[in-house]
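Chemist: please work out how this folds:
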Amino acid sequence: MSDTQHEDYILEQLNQKPDIHGLLITAIDLIGKSVNKLIMKVFRKERHAIKFVIPSLIGHKGPLNDLSVRLKLLYALGIISREEYEDIELLMAILDELENDETLYTYTDDEILGPISLLHDMVLPPNLPITRTATSEVGIVDSMKSSMYSHRYEQMIRSALIIAITDLTLRISEKQKHNYFP
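Modeler: Next up, the predicted model:
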């Protein structure tokens, strides 16, 4: 798969999820797959290692079965940057909080906006102006305008998050092109 096709695939998968919970599940899945491929690339490609050592490390009961542990290893080996490590851990923490909370959050809720603003590649758009007036006719128009601004702002936040996640996933995938053991 070419780089452009891979990027298109990531964007397509993320764009299919309208809510923050679904988006983060998909994001962690895509990042996890990239991390798995990278971990396999990092290991020595010797026959004995492939047959006996690697499966015991990354298998179902292996110490590297957990994505968080694989990330720590990749960071400790200098394969991923501190920013990449922190961003993936943050996304996993946000998803974990959403999994334990029954509230349906939107992208602009403080519980979401605060944490995602900490992502290194996240560029938050400026908040759109919302005006209010006292008269009822103008109030209805302003209410509709306010609703449109809110929806537009939420879409902007969603798009910025999708771009940040896509960039992060592509950077992890790009590292698979290096030979770590000659």
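
Chemist: which residues touch Leu168?
Modeler: With contacts defined as CB atoms under 8 Å, 6 or more residues apart in numbering, the neighbours of Leu168 are Ile31, Glu84, Asp87, Ile88, Leu119, Asp121. In short, each C-beta sits where N, CA and C put it, glycine included.

Chemist: hmm, 7 Å instead?
Modeler: By CB atoms under 7 Å, 6 or more residues apart in numbering, the contact list for Leu168 reads Ile31, Glu84, Asp87, Asp121.

Chemist: I'd like those laid out as TSV, including distance to Gly78.
Modeler: Formatted as TSV, the contacts of Leu168 follow (distance: CB to CB, whole Å):
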residue	distance to Gly78
Ile31	19
Glu84	11
Asp87	17
Asp121	20
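
Chemist: pull out the buried residues from stretch 56-68.
Modeler: Along stretch 56-68, the positions that meet the burial threshold by neighbour count (16 or more other CB atoms under 10 Å) are Leu57, Ile58, Leu64, Leu67.

Chemist: whoops, stretch 46-59 was the one
Modeler: The neighbour-count criterion (16+ other CB under 10 Å) identifies Ile54, Leu57, Ile58 as the buried residues of stretch 46-59.

Chemist: and the closest residue to the last one other than its chain neighbours, what does it touch?
Modeler: With CB to CB, 6 or more residues apart in numbering as the criterion, Ile58 has its nearest non-adjacent residue at 4.7 Å, and that residue is Leu64. By CB under 7 Å, 6+ apart, the contact set of Leu64 is Ile39, Leu57, Ile58, Arg70, Leu73.
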